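S.K.: Okay, sequence plus prediction incoming.
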Amino acid sequence: MTTATFAKGLEGIVASETEMSYIDGEQGVLEYVGISIGDLAKHSTFEETVFLLWNKRLPSKSELAHFEEELQKRYELPSGMEQRICSLPKTAEPMHVIRTMVSALAMHDPSPNDNDVESARAKALNILGYAPTIVAYFDRYRRGLELVHPDKSLTFSENFLYMLNGEKPTPAMAKAFDLCMITHADHGLNNSTFAARVIISTLSDVYSAITGAVGSLRGPLHGGANEGVMKMLNEIDSVADVENYVTQKLAKKDRIMGFGHRVYKAKDPRATDLQKLAKQLAEDTGKADLYAKSHKIEEIMEREVASKGIYPNVDFYSATTYHCIGLELDLFTPMFALSRIAGWSGHIIEQLSDNRLFRPKAQYVGPHDAPYTPMSER
Ligand code: CMC
């Protein structure tokens, strides 16, 4: 009999190999294929970052142009999808919409179950191209606005903001959004990525794996935390109220959204990049108070709980950033999903390239030899 170790929440368990992201949680380091997230945030684009994650190297100029063109071809949804989106309840949450529509895409694919690596890459590119259109169409439909069809001459980030707002974003807004896409693209074996790998390991299909990952991401302990951060910022009237708010929450053992991480015991490097961006955008859009509240929360959390290794994570400053970009609150987590499709897909490809079924064990802690009591005696 093999001996088994029980680790609640699988803490500390290595369950996959990856060549995509490297995380040093003690030092606060994140690299994609060896390149620091700070360098990518400064110099790269989302498209180039996706190429890097999927090919484990940076593209040449012509390879990048080709990749961008292939993605742009996929901005337009398969026929029938627009009608599906515009028949959903307008009250639906966008995360439920993405999950449902990614699942529906399988029915528009003539060979949805093809699982060789090349087919998986093609399906991943389709989903990455279609997803922003799904979100933007649904948001305009629910607001009673005319749909804005994609513009294939625009980048992933420009095109999404264009479809959402009906006007091309300023270069600064497009760059800010693109940086959010880069910083959220991949992050080791996080919960939703693990969900995707678990599903594809049964040799199910890419659509099922990404649908499951979207479901995982929306939880408030994972990608849903960015919406929780914004709700918290809205509950705090001014910087002067932050101290009471945070200390009372901590006294009640409530969690402060956007803080803490299973892997990082130092400040999440993505939070460092997003903090700079949030500060700049808040100043540029007349929302300096929002940044000031966030910064004060960080200061108090540093004083109260940094000794436990609790620091801001990626969701903390992304909330202020998305708000200043002008996004509705319930679009924050969908933005995480749009970007993370890159990481989920890369992991699906890695899993398919060297698959073994995930099948851990549960430790049975119930009774033995229990009598079966007939219904009449219960
Ligand atoms: N606020 C206050 N206390 C916290 C927080 C927080 N945000 N996070 C952890 N703690 C405390 C927790 O109460 C516990 O204290 P004690 O040992 O005294 O009982 C200790 O830290 C360890 O917590 P844990 O729940 O065992 O840690 P975990 O590794 O299971 O949880 C986490 C990680 C991310 C779920 C957790 O930190 C959390 O709930 N954070 C708030 C939600 C959040 O921001 N999630 C986004 C994560 S990063 C982006 C992503 O991957 O989606």
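M.R.: Structure received.
S.K.: Looks to me like residue 254 is in a helix.
M.R.: No: Residue 254: not assigned to a helix; according to DSSP: H, G, I helix; E, B strand; the rest coil it is coil.
S.K.: Near the ligand, which residues of the stretch 151-300 of the chain? Just list them.
M.R.: Within reach of the ligand by CB under 6 Å from any ligand atom, the stretch 151-300 of the chain has these residues: 190, 221-223, 225, 255-262. In this view, the C-beta of every residue, glycine as well, is placed from N, C-alpha and C.
S.K.: List buried residues within these.
M.R.: When these are checked for burial by 16 or more other CB atoms under 10 Å, the buried set is 190, 222-223, 225, 256-261.
S.K.: From the residues you listed, which land in strands?
M.R.: Among those, no member falls in strands (criterion: DSSP state E).
S.K.: Now the two most distant members of these.
M.R.: Of all pairs drawn from these, the one with the longest distance (CB to CB) is 190 and 256, at 19.6 Å.
S.K.: Run a quick neighbour tally on the nearest residue to residue 264 once chain neighbours are set aside.
M.R.: Nearest residue to residue 264 in three dimensions, chain neighbours excluded: residue 25, at 4.6 Å (CB to CB, 6 or more residues apart in numbering). By other CB atoms under 10 Å, the residues close to residue 25 number 16.
S.K.: OK, contacts around residue 25?
M.R.: Residue 25 makes contact with 261, 263-266, according to CB atoms under 8 Å, 6 or more residues apart in numbering.
S.K.: neighbour-wise, which of those leads?
M.R.: residue 264 (25 neighbours).
S.K.: Am I right that that one falls within a strand?
M.R.: No: using three-state DSSP, the assignment for residue 264 is coil, not a strand.
S.K.: Does it touch residue 314 like I think?
M.R.: No: using CB atoms under 8 Å, residue 264 is not in contact with residue 314; the gap is 9.4 Å.
S.K.: residues contacting whichever residue of the stretch 251-378 of the chain sits closest to the ligand?
M.R.: For the stretch 251-378 of the chain and the ligand, the shortest gap (CB to the nearest ligand atom) falls at residue 260, measuring 2.2 Å. Residue 260 sits next to 310-311, 313 when contact means CB under 8 Å, 6+ apart.
S.K.: same check, this time on residue 185
M.R.: 32, 46, 49-50, 53, 339-340, 342-343.
S.K.: Count the residues that sit near the nearest residue to it once chain neighbours are set aside.
M.R.: Take residue 185 and drop its neighbours on the chain: the residue closest to it by CB to CB, 6+ apart is residue 342, 4.4 Å away. Residue 342 has 27 neighbours, counted by other CB under 10 Å.
S.K.: Which strand or helix spans residue 342?
M.R.: Applying DSSP states H and E as the criterion places residue 342 in helix 332-353.
S.K.: ok, residue 53 - contacts?
M.R.: Contacts of residue 53 were listed using CB under 8 Å, 6+ apart, and they are 20-21, 32-33, 185-186, 342-343, 346.
S.K.: so what's the closest residue to it other than its chain neighbours scoring on pLDDT?
M.R.: The shortest distance from residue 53 to any non-neighbouring residue, by CB to CB, 6+ apart, is to residue 346 (4.5 Å). The model reports residue 346 with a pLDDT of 98.
S.K.: again, but for residue 375
M.R.: Listed pLDDT for residue 375 reads 98.
S.K.: related to what we said a few turns ago, which phi and psi does the residue of the stretch 251-378 of the chain closest to the ligand have?
M.R.: Listed backbone geometry of residue 260 is phi 90, psi 150, with angles given as degrees, to the nearest 10.
S.K.: Residue 89 too?
M.R.: Main-chain torsions, residue 89, degrees, to the nearest 10: phi -60, psi 130.
S.K.: so how far is whichever strand or helix holds residue 121 from its chain's centroid?
M.R.: Element membership of residue 121, judged by DSSP H and E, is helix 117-142. When distances are taken as CA atoms, centre = their mean, to the nearest Å, helix 117-142 is centred 14 Å away from the chain's centroid.
S.K.: ok, which stretches of the chain are strands?
M.R.: With strands called from DSSP E, the chain shows them at 21-24, 29-32, 35-36.
S.K.: Could you count how many residues lie near the residue nearest to residue 53?
M.R.: What residue 346 shows, counting by other CB under 10 Å, is a neighbour count of 28.
S.K.: ok, now the one 5 residues further on?
M.R.: The burial metric for residue 351, expressed as a neighbour count using other CB under 10 Å, is 24.
S.K.: Next up, the contacts around it.
M.R.: Contact partners of residue 351, counting by CB under 8 Å, 6+ apart, are 16, 197, 200-201.
S.K.: Swap in 10 Å and give it another go.
M.R.: Neighbouring residues of residue 351 by CB atoms under 10 Å, 6 or more residues apart in numbering: 16-18, 120, 193, 196-201, 203, 209, 358.
S.K.: Serialize those to TSV and add fields for pLDDT and neighbour count.
M.R.: As requested, those are exported to TSV (pLDDT from 0 to 100; neighbours: other CB atoms under 10 Å):
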residue	pLDDT	neighbour count
16	96	17
17	97	9
18	98	18
120	98	21
193	98	27
196	98	30
197	98	24
198	98	21
199	98	22
200	98	27
201	98	18
203	98	12
209	98	29
358	97	15
